[in-house]
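Student: sequence-free structure coming up:
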């Protein structure tokens, strides 16, 4: 039982390059999330998908797009990377969105944009 | 403005003592509050959930209190061990329970042998 799997674990991009962060969960959860974590800022929600077929913006969506490919997979795309997007990105899943449903996190993708 | 405040300074304690971490919030009316543990280089791991109508919740050596009047949650680890050293995050919803949880910045706990 892998839980939440994120790929890649590390990535270095040049300004303006694009990339997609992949996330998959094997817990049959309905809801999935993308957070970024920066020193001194804590975890901030980028986008989430409450259920398959829906996506919604979080606190810091600018510069990102998401796709809920199916119930298991939720990807995050950076179309034109900027140094301000250097961060650690966490994918998470839960049985439902809100209502105290615990989040299960992957171990993150460490992204550096130069 | 809405704020979730956790002590940014690390908490250093001796093994065997009780560690107490604080989560204060303003301009939220959360229906629930969660605590997570995060180890370096890893994602947060869920520990405990407490709802607004619950004063206290326990799980093994962990105890959480929730005071909606003071707008504060306390997280206690009794008989602390060096393996408890980590960053602890609180998370809560805005109001009513239907919102995705918002996280505090976390407090680092260091337990010295």
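Tutor: Thanks, I have it. Being a predicted model, the structure only gives us computed values, none of them experimental.
Student: now for the strand or helix carrying residue A:43, which elements pack on it?
Tutor: Here residue A:43, judged by DSSP states H and E, is contained in strand A:42-49. Contact here means 3 or more C-beta pairs under 8 Å, 6 or more residues apart in numbering or on different chains; DSSP states H and E; on that basis strand A:42-49 packs against strand A:31-38, strand A:56-57, strand A:64-68, strand A:74-78, strand B:102-103. In short, each C-beta sits where N, CA and C put it, glycine included.
Student: and those, which is most packed in?
Tutor: When you average the neighbours per residue for each of the helices and strands packed on strand A:42-49 (mean count of other C-beta atoms under 10 Å in any protein chain shown), strand A:31-38 leads with a mean of 24.
Student: Around chain B, which positions in chain A sit nearby?
Tutor: Contact residues, chain A versus chain B (C-beta under 8 Å from any C-beta of the partner chain): A:4, A:33, A:35, A:40-45, A:48, A:58-59, A:90, A:92, A:97-100, A:102-108.
Student: Please pick the buried ones from those residues.
Tutor: A:4, A:33, A:35, A:42-45, A:48, A:58, A:90, A:92, A:97-100, A:102-108 (16 or more other C-beta atoms under 10 Å in any protein chain shown).
Student: before we move on, the earlier item: now render the helices and strands packed on strand A:42-49 as TSV, adding mean pLDDT and distance to residue B:17.
Tutor: Rendered in TSV, the data for those read as follows (pLDDT from 0 to 100; distance: least, C-beta to C-beta, whole Å):
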stretch	mean pLDDT	distance to residue B:17
strand A:31-38	97	29
strand A:56-57	95	43
strand A:64-68	98	43
strand A:74-78	98	41
strand B:102-103	95	26
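Student: Which one, of the ones you listed, ends up nearest to residue B:1?
Tutor: When the helices and strands packed on strand A:42-49 are compared by C-beta to C-beta, strand B:102-103 sits nearest residue B:1, at 12.3 Å.
Student: partners of the closest one, with directions?
Tutor: Strands that pair with strand B:102-103, judged by DSSP bridges, come out as strand B:86-92 (antiparallel).
Student: show me what contacts residue 38?
Tutor: Using chain A. Remark: with contacts taken as C-beta atoms under 8 Å, 6 or more residues apart in numbering or on different chains, residue A:38 is in contact with A:44, A:87-88.
Student: right idea, wrong chain: chain B
Tutor: When contacts are counted by C-beta under 8 Å, 6+ apart, residue B:38 touches B:44-45, B:86-89, B:106.
Student: Can you select the buried ones from these in ChimeraX?
Tutor: The following ChimeraX line selects those of the contacts of residue B:38 that are buried, judged by 16+ other C-beta under 10 Å:
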select /B:44,86,87,88,89,106
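Student: Leaving out sequence neighbours, find the closest residue to residue B:42.
Tutor: residue A:107 (5.3 Å; C-beta to C-beta, 6 or more residues apart in numbering or on different chains).
Student: quick one, phi/psi of that neighbour?
Tutor: Taking degrees, to the nearest 10, you get phi -90, psi 10 for the backbone angles of residue A:107.
Student: residues touching it, list them.
Tutor: With the criterion set at C-beta under 8 Å, 6+ apart, residue A:107 makes contact with A:6, A:9, B:41-43.
Student: Filter the residues you listed down to the buried ones, PyMOL style.
Tutor: Selecting just the buried residues from the contacts of residue A:107 in PyMOL takes one command, with 16+ other C-beta under 10 Å as the test:
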select buried, (chain A and resi 6) or (chain B and resi 43)
